[in-house]
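Participant: Fold the following.
(3 chains)
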Amino acid sequence: MYDVLIIGGGVTGAAIARELSRYRLKIALLEKETELAFGVSKSNSGIIHPGTQNPPDSLKGKFCVLGNLLTREIAKELGVDFKEVGELIVIFNEADRPRLQQIKAEGERLGVPRLRIVERAWLREHEPNLNPDALAALYAPTAGIISPYRWVYALAENAARNGVKIFLGHKVTGITPEPGNRRLNVSVSRTEEPRRSVSGSEVTFRARFVINCAGLYADEVARLAGIDDLTIKPRKGEEFLLDKKREHLVNHIIFPLPTPTTKGILVIKTSDGNPMIGPTAEEVADKEDRSTSDAGLQKVLAATRQLVPSLSENDIIAYFAGLRPVAGKDFIIRHEAKVPGLITVAGIQSPGLTAGPAIALLVVELLKKHGLWPHRKLSFQHYRPKTTHLFSLPVTHLPFLLEQDPTYGEIVCRCEMVSAREVRDAIKRGARTLDGIKFRTRAQAGRCHGGFCTTRIMKIMIEELKLKPTEITKRGPGSNVIVESRE
Amino acid sequence: MLRKMTCIECPKGCQLEINEEGGRVISLTGNQCEKGLAYGRQEIESPMRILTTTVLTEGLDLKLVPVRTDKPIPKARLLEAMALISGARLTHPVAVGEVVIKDLLCLGVDLIATRSVQ
Amino acid sequence: MAAALAAYQAGVKDILLIERDQYLGGILNQCIHPGFGLHHFKTDLTGPEYADRFIKQVAAAQEIEVSLRSFVVRLTADRELTYLKPGGMVTLQPRALIMATGCRERTREMIHIAGTRPAGIFPAGLAQKMVNIEGWLPGKEIVVIGSGDIGLIMARRFTLEGARVKAVVEIQKESRGLVRNVVQCLEDFQIPLYLNHRVALIHGRDRVEKVTVENNETKETFELTCDTVLVSVGLIPENELIEQAGSPDPAKPNLPGLFVCGNSLKVYDLVDNVTRDSQKAGEAAAEYLKNA
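Facilitator: Below you'll find the model as predicted:
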């Protein structure tokens, strides 16, 4: 029996798990994919927004401002790099100035600190590659960047360290209240145990509270419990990553004026160094449609060249599409009176990455309001040792690492400079797939796209995970990398 | 029957037109030199290929040793040769040029190592 | 190896050869097909045989020191070179430095093929390494994008290994590979070559399921089911270190004592030309040292 069961291992679920792990509670987190952050969270711009571009009375706005503060603090505790790079919302016409001032005023009402309008001369000095036609910009210095997946993994690892049980490959198939008892029975089908071929076997988790933060599938999970007023519409965003060589293309995150539905197509700095351009915004029917298109590329190029004219198509080294889980205009965070004990956390689209830790605080309040009075643990471990990434260290530091472990000197991925030791660490911390290793270490994420390192990584996986070569997957069952191995 | 093929004796890549009957060349045009004539005739009458592939090893420092036939073998028997080779295991070190399988398919052709393996 | 040997023969006696892999020979080791050495050795060799001839010469030249499993992490404008090797990090400043870092494959991402990103999409050279070095078969039904030589050779290799190659799709009007390879790798096995066509979309959620092929002129499309896509759309020089050292155009490094050769200078079709180029670099470095 669990006190709290969390459905969904994206940033929201991980942030809630970490926050709840401060208390003396029995907690489990269920994720249907093979690894955490494999749904909405993996295809993310990695921006910790300052709070602007949200309606003043929205949950989005409120949680974004608070989330920005909390993320900095927690990132420090968990050893995740957060860089405050600031953002610029750029205008090209005098006619747009009132709109810019309105965004500033709305941001200030929400409590976004240090907003100011900067003029052309300032832009020339601080953002030399910006289109010289840019007239002015709203400067929000508190915008930052973080690696979205490393953030989720850090939150989840720390939650697990503080007692949260994490079940991967566990897909919820039913939620039923226990008659006469304030308990929920959650049936789960295990999709991910290829070695023991128990795939499809059902298990039941009992819990006093269930938190539905199932991202794109939050509506389907809600329906399992008889809640039918929730619809998640996927809104696709295509993003294009540029070569790390262009790291200094921009110094800030560059936005155009927002449209009613999106913040627009941006030039983004990422915590890995590669600039990113995008995203598009397109309603799609299929919750698994993460395809990119020629049209999307052209649209993103046209829009971002308006902001940064020197941007070259040849610098693109990777692209992907993500799906925003849209459930109306705002986040939906509520206790379901119809199913006591069930809390819905849905529609967590942008600025969901930023809002995560703030949403987690609200969830704790909701739990208290509905009968859970948890006690804080004395033994809560706030800190997580920072993981080592050669690419982020000065060369002079390497001899110290080599002394610790010579396999830091065995470079597996040459484009991003990732060592065998880092790949092994990633596996020890939970990586089970090639993508899981890529997200944690950046191996395969560079300009050669795994051309040189894939076999090296696979051999380490074979050794560490005791897998047969044919059992290695890119991102879970069905995505096996090879079909036969001569033995 | 009229057959068209590209001569590969040199980078010119002459387009040969060959009139053949029952695997015999009746006439050949499109070649710019004698090599083209010989190539066309060979390709129609008994096309031959060098086979390169790998042989699994046991207890050596490479999983596979690359190999090739020391002379061309009939094109029609490539897949048969592959089937035989895929069942073979090399268990002792070899140097480049050493025989891995002798007299492959009784064709009078040896399969030789193209890389040294310890 | 060719550059080191040429410098050695020109009188340089203190040579260090740095290789990141545990074997010498680089990509030649996975190129088990013939067609190498026709010019340089006047005989038809496979890749490993071609490499072996140089490995033996390097082994015989006692003054050429070889450092395997060594990975360069930094190069400065004054040739200060830092590399990792088993057991430590080394920094040294050679009087002359020759870059023979080869090239890498252009990827699906560089040519922006739209669609999904499932398992089963491989640069042809990676597939070659899997099949020829690791003994792994990446897939059973293959579509090859691009008619470069590696793609053609892998079409034959996959066929011999029991997979079915459904097509080679080439965006240009002519094959990019050598005629010999078109004949012996495709025609021998009746593998269709679609010229003037492109793969417009890759489909599949977990693993590749099919591709949409489009005729460049008529814009007509058709689909090919497959579980694997090989991408063979050209090579680009690998010279990030020279850029790191501050030379804006790696093809014309303006740093004294720095030489670039082979595929890291420009991509060649034939290894024999890479060797000739590398020998020139070795000789030029020797000359530079005499005059310096």
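
Participant: so how far is chain C from the closest residue to residue A:99 other than its chain neighbours?
Facilitator: Excluding its sequence neighbours, the residue lying closest to residue A:99 (CB to CB, 6 or more residues apart in numbering or on different chains) is residue A:257, at 5.9 Å. Placement of C-beta: from N, CA and C, glycine included. Going from residue A:257 to chain C by CB to the nearest CB, to the nearest Å gives 28 Å.

Participant: residues near residue A:257, how many?
Facilitator: Neighbourhood size, residue A:257 [other CB atoms under 10 Å in any protein chain shown]: 17.

Participant: sec struct for it, please.
Facilitator: Following DSSP: H, G, I helix; E, B strand; the rest coil, residue A:257 is assigned to coil.

Participant: Now for it: which residues touch it?
Facilitator: Shown in contact with residue A:257 (CB atoms under 8 Å, 6 or more residues apart in numbering or on different chains): A:89-91, A:96, A:99-100, A:103, A:264.

Participant: Show me which residues of chain A sit near chain B.
Facilitator: A:486-487 (CB under 8 Å from any CB of the partner chain).

Participant: Any stretches of chain A with poor pLDDT?
Facilitator: Under the criterion pLDDT under 70, the flagged ranges of chain A are A:192-200.

Participant: from it, which residue is nearest to chain B?
Facilitator: Nearest to chain B, among the residues of chain A, is residue A:486, at 5.7 Å (CB to the nearest CB).

Participant: domain assignment for the chain?
Facilitator: As the question left the chain open, I've gone with chain A. Recorded structural domains for chain A (assignment: automatic domain parsing) are A:2-41+A:149-232+A:328-369, A:87-141+A:233-325, A:392-471.

Participant: hmm, I had chain C in mind actually
Facilitator: Split by automatic domain parsing, chain C gives C:2-104+C:236-291, C:107-233.

Participant: Report all helices and strands that the helix or strand that residue A:367 is a member of contacts.
Facilitator: Using DSSP states H and E, the element containing residue A:367 is helix A:352-369. Contacting helix A:352-369 under the criterion 3 or more CB pairs under 8 Å, 6 or more residues apart in numbering or on different chains; DSSP states H and E are the following elements: helix A:11-20, strand A:47-48, helix A:59-78, helix A:148-161, strand A:332-335, strand A:342-346.

Participant: Pick the most buried one from these.
Facilitator: helix A:11-20 (a mean of 30; mean count of other CB atoms under 10 Å in any protein chain shown).

Participant: Around chain B, pick out the residues from the stretch 101-250 of chain C.
Facilitator: Counting by CB under 8 Å from any CB, the stretch 101-250 of chain C sits next to chain B at C:132-135, C:160-162, C:178-180, C:182-184, C:187-188.

Participant: Could you count how many residues lie near the residue lying closest to residue B:13 once chain neighbours are set aside?
Facilitator: Excluding its sequence neighbours, the residue lying closest to residue B:13 (CB to CB, 6+ apart) is residue C:179, at 3.9 Å. Using other CB under 10 Å, residue C:179 has 17 neighbouring residues.

Participant: Over to the one 3 residues further on?
Facilitator: Burial of residue C:182, expressed as a neighbour count using other CB under 10 Å, amounts to 24.

Participant: re the thing from before, deepest of the domains of chain C, which one?
Facilitator: domain C:107-233 (a mean of 21).

Participant: before we move on, back to that, the residue nearest to residue B:13 is in contact with residue B:10, isn't it?
Facilitator: No. Contact between residue C:179 and residue B:10 fails when scored by CB atoms under 8 Å: they sit 9.2 Å apart.

Participant: hang on, the earlier thing: show me which positions of the helix holding residue A:367 end up buried.
Facilitator: A:352-364, A:366-367 (16 or more other CB atoms under 10 Å in any protein chain shown).

Participant: now the angle from that helix to strand A:342-346?
Facilitator: 160 degrees (axes from the mean of the first three to the mean of the last three CA atoms, to 10 degrees).

Participant: after helix A:352-369, next one along is what?
Facilitator: Helix A:352-369 is succeeded, C-terminally, by helix A:398-404 (DSSP H and E).

Participant: picking that back up, okay, the angle between the helix holding residue A:367 and helix A:11-20?
Facilitator: Going by the same axes, to 10 degrees, helix A:352-369 makes 50 degrees with helix A:11-20.

Participant: Dump helix A:352-369 to PDB, restricted to CA.
Facilitator: Backbone C-alpha positions of helix A:352-369 (Å, rounded to 0.1, in the frame of the first residue of the first chain) are rendered in PDB as follows:
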ATOM      1  CA  GLY A 352       5.900  23.400 -17.700                       C
ATOM      2  CA  LEU A 353       9.600  22.700 -17.400                       C
ATOM      3  CA  THR A 354      10.000  25.900 -15.300                       C
ATOM      4  CA  ALA A 355       6.800  25.400 -13.300                       C
ATOM      5  CA  GLY A 356       7.600  21.800 -12.200                       C
ATOM      6  CA  PRO A 357       8.900  22.500  -8.700                       C
ATOM      7  CA  ALA A 358       6.100  25.100  -8.100                       C
ATOM      8  CA  ILE A 359       3.400  22.600  -9.300                       C
ATOM      9  CA  ALA A 360       4.900  20.100  -6.800                       C
ATOM     10  CA  LEU A 361       4.300  22.600  -4.000                       C
ATOM     11  CA  LEU A 362       0.700  23.000  -5.000                       C
ATOM     12  CA  VAL A 363       0.200  19.200  -5.100                       C
ATOM     13  CA  VAL A 364       1.500  19.000  -1.500                       C
ATOM     14  CA  GLU A 365      -1.100  21.600  -0.500                       C
ATOM     15  CA  LEU A 366      -3.800  19.700  -2.300                       C
ATOM     16  CA  LEU A 367      -2.800  16.500  -0.600                       C
ATOM     17  CA  LYS A 368      -3.000  18.200   2.800                       C
ATOM     18  CA  LYS A 369      -6.300  19.700   2.000                       C
END
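
Participant: Run a quick neighbour tally on the closest residue to residue A:234 other than its chain neighbours.
Facilitator: Spatial nearest neighbour of residue A:234, excluding adjacent residues (CB to CB, 6+ apart): residue A:323 at 4.1 Å. The number of residues packed near residue A:323 is 24, by other CB under 10 Å.

Participant: Please report the distance of residue A:323 from residue A:30.
Facilitator: Taking CB to CB, to the nearest Å as the measure, residue A:323 falls 20 Å from residue A:30.
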